[in-house]
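Asker: Predicted coordinates and the sequence they were generated for:
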Amino acid sequence: MSPAEKKITVEECLVLDAFQFTRQGFLSPDQAGTFTWRVGETIVAQVWWRFEDDIVYLPLIWRGDIVDTKHHGLEVTRVPGSTYGGQQVRFVCAGCLKSVRKLYLPPYPTVFLCGSCHSLTYRSSQKRQSVDEKVNFRLPKLFKEFNRPGIRRARRVRAMERIEEIREEMDREMAKMRKPRPPAKPAAQAGLISWPEWTELQPAPFDALLAGEPPAPPPPKRPRGRPREKRPYHRHEPLVHGERTGDTQAYCVKCRDFREMENVTLITFSNGRPALSGRCPVCGCRLARVVKGKTQPQGH
C-alpha cells in the first residue's frame with residue numbers, strides 16, 4: 001500500500017463518545033453547549049451541539065482553519081445494558097444505521113460516522129513490529145504452540161517456520177551491531193529479556209528444533225468403553241424413601257419416592273418383559289414398573 005493509499009487512523013479523527021456525553025449530562029432534555037478536543041493544553045477543535053428529541057444537532061464545528069456548518073443531526077438510541085433492567089445510550093451511524101458507542105470525524109471535511117463506514121484503522125496496526133517485540137512477545141507463544149501436546153503436524157511445522165524467521169531476522173540485526181545493545185528503558189521497566197538472555201533461558205526446546213528432534217509424545221489417552229475395574233461409589237447422603245403399597249405404584253426418580261401412577265397402560269420393553277407405564281401425579285415424570293404377567297391392572 002502506497003503512502004497515498006494509507007488508511008486514516010482513529011488517533012487522527014475527532015471522536016464523539018456516547019458514554020462520555022451521558023456521563024457529563026449532555027443528553028438531558030433541552031441541553032446545549034460546546035464540546036472541545038485538546039492535545040495537551042492546546043485546543044484543536046470545538047463543536048457546538050444541541051440535544052432535542054433524541055437527536056444531537058451539530059450546527060457548527062471549528063477545527064483550525066476549517067469551519068463546517070453542514071453537519072447532520074446524530075440520532076440517539078438506547079439498548080439493553082449488561083445489568084438487569086439497565087440501558088446504555090448509543091449513537092446511530094448515518095451510514096450503516098447501526099448503534100455504536102463512538103463516532104469519528106476524519107481530517108478531511110465529512111460527517112461523523114462509525115469506524116467501519118470511514119474504513120479506519122489503528123496506529124498500532126500500521127506500525128511494524130520490531131525484533132525485540134517479536135522476541136519478547138511472539139517467540140514465547142510460538143514455543144508454547146510448538147510444544148503443546150496433541151497439536152497437528154501442520155501447525156507444528158508452521159510454528160517452527162515462524163521461529164526460524166524470527167531467528168534469522170535477529171541474527172541479521174545482531175550482525176549489524178558492533179557491540180551488544182543494552183535493553184531499552186521501557187523493556188527494562190516491563191521486565192522483558194533480550195535475545196541472548198532468551199536463548200540462555202530456553203536452550204532445550206530451541207536446540208531440539210534446530211536438531212530436528214521429534215517432540216515428546218502426548219500422554220496416552222484413556223481407551224474407549226467401560227473400565228475393567230469399577231471404582232467404588234460412596235453416597236454422600238443416604239437415600240430415604242417409603243415403601244410400595246400398591247401394584248400401580250412406581251419409583252419416581254425426581255421425587256425420590258414411590259408414587260401412584262396416572263394413565264396406567266400395559267407396555268412391553270424391547271427385551272420382551274411386560275411393564276406398567278404411567279405418569280407421576282406430582283412432577284409429571286414418566287414412570288414404569290416391571291410386572292410378571294400380561295394382565296391389565298385392576299380398575300383400568
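Answerer: Thanks, I have the structure now. Residues are numbered from 1 along each chain as shown.
Asker: what pairs with the lengthiest strand in the chain, and is each one parallel or antiparallel?
Answerer: Longest strand in the chain, counting residues (DSSP state E): strand 42-52. If you go by DSSP bridges, strand 42-52 pairs up with strand 31-39 (antiparallel), strand 55-63 (antiparallel).
Asker: What average pLDDT does it get?
Answerer: Average pLDDT, strand 42-52: 84.
Asker: ok so, going back, and of the strands paired with strand 42-52, who's closest to residue 106?
Answerer: strand 55-63 (10.8 Å; Cβ to Cβ). Every C-beta, even on glycine, is put in place using the N, C-alpha and C of the backbone.
Asker: Provide a list of residues in contact with residue 36.
Answerer: 43, 45, 46 (Cβ atoms under 8 Å, 6 or more residues apart in numbering).
Asker: ok so, going back, can you tell me which of the strands paired with strand 42-52 is nearest to residue 274?
Answerer: strand 55-63 (74.4 Å).
Asker: Tell me the spacing between residue 91 and residue 250.
Answerer: 62 Å (Cβ to Cβ, to the nearest Å).
Asker: and if you look at residue 283?
Answerer: Taken as Cβ to Cβ, the span from residue 283 to residue 250 is 13 Å.
Asker: Neighbour count for those two, which is higher?
Answerer: More crowded of residue 283 and residue 250, by other Cβ atoms under 10 Å: residue 250, with 23 against 11.
Asker: my guess is the more buried one contacts residue 259, does it?
Answerer: Yes - using Cβ atoms under 8 Å, residue 250 is in contact with residue 259, at 6.8 Å.
Asker: Check which helix or strand residue 258 maps to.
Answerer: According to DSSP states H and E, residue 258 maps onto strand 257-260.
Asker: That strand pairs with which strands, and in what direction?
Answerer: Taking DSSP bridges as the criterion, strand 257-260 forms sheet pairs with strand 249-252 (antiparallel).
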